[in-house]
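1. Okay, sequence plus prediction incoming.
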Amino acid sequence: MASTSTEPRSKIRFDEPEDIEDEVELKIKRRFGRGLFVDKYDVMDDAITIKLGNQVPKDVSDCRERDRVLKFITYKPVFTLKAEATRNGYLIELPNRNEIYEGFVDRKKMVARQLDTTMAKSIYEELASFGPVQTQLSGVKDILWAVREKQPVDEDEIYAMRGRDSVDQTQMYLHVLEQTKFIRRSDSDLYSDENLDAHDELEIESDEFSKLVLGQIVQKAYHTLKDELNLTLLQHYPKYAGSYYYSALQRDKSDLRLDVETITDNLHTVYGDDHVHKFTVEKKLNELARANVVHKDDDLFYGDADVYMDVASQTPV
């Protein structure tokens, strides 16, 4: 990765491969800090690669018990060193601090994205039942209604129904619904497919339809809907839920009690949303509590056992 730092690079030399394995971590810690460690060490014919990880302390105390528990959160890898064989042993060119930091930031972003996806998959039914999310998915519901009730329906009719200002969005909706097997295409005609046919008995405007059908669409196409179609509300709820469950997972405690200030701090730390006020966080958590994604006890929030187990079974953190 490119670096904007002017800090000069330096090299360290080792006589034998065994010296690298024994001493490189100590030298790295002396130069960059105690949080850095060797995660993986691979010996090849003419070179040795050393993947570095980083550990940072995180307070995961129960706000009810105030038990003062500190965990070290591991991010790996954040940088890869390479020891080149020369006539005079093995040489390692060290990165500068900015490169190490950039690798750490990139890894944190990846962890946040993975947690975001995991949360969305775990709460997709609840997510789709929220009124604001349903409003953002109203275009999807319109297309599903037209295809199910009027099939076979010419694709041009869908574009006409949605209007000329929504052509690009309609095209993406149709692509998502076809890829997730809610509709199928035959020439220019559209039909309902297996995942929509499975819920023939449900009225499209019913809460049950939103929970089951829209929920499945969110689960199967979360990042497409959120990123490419900019349906930002889809990201809000998994992100706020993840800001609670991040600590619960690190603590391995589904009923960990956290106050709004602590969850807000997690939102800043994990997702980098430094501008979000604690009042906004509390409002979103209250909405999640009404959907049983989390629970509330006085002013403290704690996890739902089923959601926790689902997230814990697939989470990377």
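-> Arrived safely.
2. From now on I want contacts and neighbour counts done on CA atoms only, so please keep to that.
-> OK.
3. all helices for the stretch 51-200 of the chain, in order.
-> Along the stretch 51-200 of the chain, the stretches classed as helices by DSSP state H, counting those that start in this stretch are 97-122, 124-129, 131-136, 138-150, 155-162, 167-179, 194-197.
4. Redo the ones you listed as CSV? Include distance to residue 221.
-> Below are the helices of the stretch 51-200 of the chain laid out as CSV (distance: least, CA to CA, whole Å):
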stretch, distance to residue 221
helix 97-122, 10
helix 124-129, 11
helix 131-136, 14
helix 138-150, 12
helix 155-162, 20
helix 167-179, 7
helix 194-197, 13
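5. tell me the most buried of the ones you listed?
-> helix 124-129 (a mean of 24; mean count of other CA atoms under 10 Å).
6. How about residues contacting that one?
-> 120, 133-134, 207, 210-212, 214-216, 218-219, 234, 237, 291, 293 (CA atoms under 8 Å, 6 or more residues apart in numbering).
7. Mind checking which of these are buried?
-> 120, 133-134, 207, 210-212, 214-216, 218-219, 234, 237, 291, 293 (16 or more other CA atoms under 10 Å).
8. and those, which of them are in helices?
-> 120, 133-134, 207, 215-216, 218-219, 234, 237 (DSSP state H).
9. Out of the residues you listed, flag the one nearest to residue 66.
-> residue 237 (27.1 Å; CA to CA).
10. What's the separation between that closest one and residue 166?
-> With distances taken as CA to CA, to the nearest Å, residue 237 is found 26 Å from residue 166.
11. try residue 19
-> In terms of CA to CA, residue 19 sits 63 Å off from residue 166.
12. Also residue 160?
-> If you go by CA to CA, the gap between residue 160 and residue 166 works out to 10 Å.
13. try residue 13
-> In this structure, residue 13 lies at 61 Å from residue 166, with CA to CA as the measure.
14. out of the two, which sits in the more crowded spot?
-> Using other CA atoms under 10 Å as the criterion, residue 13 and residue 166 rank with residue 13 on top: 18 against 14.
15. Surely the more buried one is in a strand?
-> Yes: counting by DSSP: H, G, I helix; E, B strand; the rest coil, residue 13 falls inside a strand.
16. looking at the sheet around it, what are its partners?
-> In this entry, residue 13 is beta-bridged to residue 91, by DSSP bridges.
17. Next up, the contacts around it.
-> Residue 13 makes contacts with 89-92, as judged by CA under 8 Å, 6+ apart.
18. cool, residue 287 as well?
-> So residue 287 contacts nothing (CA under 8 Å, 6+ apart).
19. SS state for it?
-> Put simply, residue 287 is helix when judged by three-state DSSP.
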